[in-house]
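Engineer: Sequence first, predicted model second:
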Amino acid sequence: MPGGDGTGPLGQGPIGGRGMGRGMGMGRRGMRGAGPGGFCICPSCGEKVVHKAGTPCSSMVCPKCGTRMVRG
């Protein structure tokens, strides 16, 4: 398969046509983190804390109410 994406010759095959195997949807870009800076925010009470690099906000709990934080 020319592009290695399962489309076969001239973009025809099980995936369904040209471009369906590459460049569509979230891809790798959507799976990256948001970077080292920023804040973690509590969805319940709105408390903001500085994001710590290497620690996902979802693994932190709000210091005020104990709810899991989200990236903001």
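Structural biologist: That came in fine, so what should we check first?
Engineer: for the protein, what are the low-confidence residue spans?
Structural biologist: Applying pLDDT under 70 to the chain flags residues 1-3, 7-35.
Engineer: domains in it, as residue ranges please.
Structural biologist: Taking automatic domain parsing as the domain assignment, the ranges for the chain are 1-32, 34-72.
Engineer: how about the strands in the protein?
Structural biologist: Ranges of strands within the chain are 39-41, 48-50, 70-71, based on DSSP state E.
Engineer: What is the second one packed up against?
Structural biologist: It refers to strand 48-50. strand 39-41 (3 or more C-beta pairs under 8 Å, 6 or more residues apart in numbering; DSSP states H and E). C-beta here means a position set from N, CA and C on the backbone, and glycine is covered the same way.
Engineer: Please point out which parts of the strand it packs on sit buried.
Structural biologist: Within strand 39-41, the residues that count as buried by 16 or more other C-beta atoms under 10 Å are 40-41.
Engineer: So what are the sheet partners of that strand and their directions?
Structural biologist: strand 48-50 (antiparallel), strand 70-71 (antiparallel) (DSSP bridges).
Engineer: Pick the most buried one from the ones you listed.
Structural biologist: Most buried of the strands paired with strand 39-41, by mean neighbour count (mean count of other C-beta atoms under 10 Å): strand 70-71, with a mean of 14.
Engineer: neighbouring contacts of that one?
Structural biologist: 34, 38-43, 51, 56-58 (C-beta atoms under 8 Å, 6 or more residues apart in numbering).
Engineer: Perfect, I'm done here.
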